[in-house]
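Trainee: Provide a 3D model corresponding to the input given below.
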Amino acid sequence: MSGLSDVRVVPACCLCLGLCLLVFAMIAVPVSFKSMEQGRQAVTLNWMSQQVSNEVKTEPGVSFVGFGNYFIEFPATYQAVYFIQDGRGVNPVPVPDLFTPVVKGPIRARSADGLEMLISISFQWRLKPEALKGLFTILGDNLYKDEFVRFARAAVVEACSFYTAEQYFTQRAVITAKMLEVMQANFNKPQDDLMLEITGLQLREVDLPDDFDDEIANTQEQMQEVEVGKAERQEQIIIKEAAIEVAMQKVEEIIKGAKGQAARVQIQNEATIKQLMLVQQRQAEANAAILQQFANDTLPFDRLFKVMEIRALDDHAPDKLTVSL
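Mentor: Numbering: from 1, shown residues only. The predicted structure is shown next:
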């Protein structure tokens, strides 16, 4: 009887073992798969060694990670950081904690001429996939944003030291570009496993001491008066130029009229000269013909005068003679 009972116990143990394995498989298999949503990237943490894998998952969906392992997720899209006085301009729509924008107060810095000021800026950052393992090893998955704030403050303080307070009113674009340059340098250090893309930096507000603000306001008022004076001067220049243009047109009209009058007089003079020359030529020809008729006489001029007297008497009307011939 004892041997028979031992034979019955073995199948029962095998059955229990199989059931346990089945239950374990039913539990282990589902937990060995993890899903990741859109807009995220992750590294896999091994629960036994507490080490993260070198492979970075960037595509959303379900993946096999192994029993007990899980994803350490980071945002894959651009995230916003604000250093501002209040929450104006910050997206009010609630988002998951992973994508919550960082909102801090303005940054206290000094200009190149030593004036203390409060700088309000905003920028966007994005983690590069190759930086996730090093970032998690050094700062974990919940402390890195605080470090990013520290790095950003240092970059802004450094950039502000290159420019005087007055330049913040006249060269904001140049200062913004410099801030972005220093920020990118501070957040791109592959040797320290820090690789971020920085973009969209905006210099929102610059709060300077009241005395300086008052002086700047006074300067701007004076500059506006200068601009008004320039505008009035330009207006007078335009009026005078218009008057000069009208006068020049009148002078041109007078010149054209004088040229026309001169041309008319010249034409008349030329016609008169031609007529006089023609008359004198005909007269000369007639005189030459007359002289030719008396050229053979011994006293040609006496003979000419005699013929002229006879011709004058013949041409004169008889009723107008004072004496009768």
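Trainee: going forward, measure contacts and count neighbours with C-alpha atoms only.
Mentor: Fine.
Trainee: at which residues are the helices of the stretch 1-150 of the chain located?
Mentor: 2-31, 132-139, 144-160 (DSSP state H, counting those that start in this stretch).
Trainee: lowest average pLDDT across these?
Mentor: Looking over the helices of the stretch 1-150 of the chain, mean pLDDT reaches its minimum on helix 2-31, with a mean of 55.
Trainee: ok, longest strand in the protein?
Mentor: strand 194-207 (DSSP state E).
Trainee: any idea which helix or strand comes after that strand?
Mentor: Next along the chain after strand 194-207, taking DSSP states H and E as the criterion, comes helix 210-293.
Trainee: what's the next secondary structure element after that following helix?
Mentor: Assignment by DSSP H and E places the next element after helix 210-293 at helix 300-315.
Trainee: taking helix 210-293 as reference, get the angle to that next one.
Mentor: 90 degrees (axes from the mean of the first three to the mean of the last three C-alpha atoms, to 10 degrees).
Trainee: confidence score at the residue nearest to Ser53 when sequence neighbours are not counted?
Mentor: In space, and not counting its chain neighbours, Ser53 is closest to Thr44: 5.4 Å by C-alpha to C-alpha, 6 or more residues apart in numbering. Listed pLDDT for Thr44 reads 80.
Trainee: Phe71 is in contact with Thr44, correct?
Mentor: Yes - taking contacts as C-alpha atoms under 8 Å, Thr44 lies within contact range of Phe71: 4.7 Å.
Trainee: sorry, back to before: which parts of the longest strand of the chain are buried?
Mentor: 194-196, 198-199, 201-203, 206 (16 or more other C-alpha atoms under 10 Å).
Trainee: what does stretch 207-218 give?
Mentor: For stretch 207-218, by 16+ other C-alpha under 10 Å, it's Leu208.
Trainee: please state the offset of that stretch from the chain centre?
Mentor: 29 Å (C-alpha atoms, centre = their mean, to the nearest Å).
Trainee: and that stretch, what's its mean pLDDT?
Mentor: 76.
Trainee: what of stretch 273-282?
Mentor: 88.
Trainee: swap in stretch 81-93?
Mentor: For stretch 81-93, the per-residue pLDDT averages 77.
Trainee: from here on, call the first residue 53.
Mentor: From this message on, residue numbering opens at 53, which makes the last subject stretch 133-145.
Trainee: Ala94 contacts Ser105, correct?
Mentor: No - counting by C-alpha under 8 Å, Ala94 stays clear of Ser105, with 9.8 Å between them.
Trainee: those two - which one has more neighbours?
Mentor: Ala94 (24 against 13; other C-alpha atoms under 10 Å).
Trainee: quick one: contacts for that one?
Mentor: Neighbour list for Ala94: 108-110, 123-126, 184 [criterion: C-alpha atoms under 8 Å, 6 or more residues apart in numbering].
Trainee: now these: which count as buried?
Mentor: Taking 16+ other C-alpha under 10 Å as the criterion, what is buried in the contacts of Ala94 is 108-110, 123-126, 184.
Trainee: now, which of those sits nearest Gly281?
Mentor: Phe126 (58.7 Å; C-alpha to C-alpha).
Trainee: neighbouring contacts of stretch 177-197?
Mentor: 93-95, 104-106, 108, 110, 124-133, 154, 242, 245-251.
Trainee: so Phe214: helix, strand or coil?
Mentor: Classification of Phe214 by DSSP: H, G, I helix; E, B strand; the rest coil places it in coil.
Trainee: that one and Ala237, how far apart?
Mentor: Separation of Phe214 from Ala237 (C-alpha to C-alpha, to the nearest Å): 16 Å.
Trainee: about what we covered before: may I see the buried residues of strand 246-259 organised as TSV, with distance to Phe175 added?
Mentor: Shown next, in TSV, are those (distance: C-alpha to C-alpha, whole Å):
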residue	distance to Phe175
Leu246	17
Met247	16
Leu248	12
Ile250	7
Thr251	6
Leu253	4
Gln254	6
Leu255	9
Val258	16
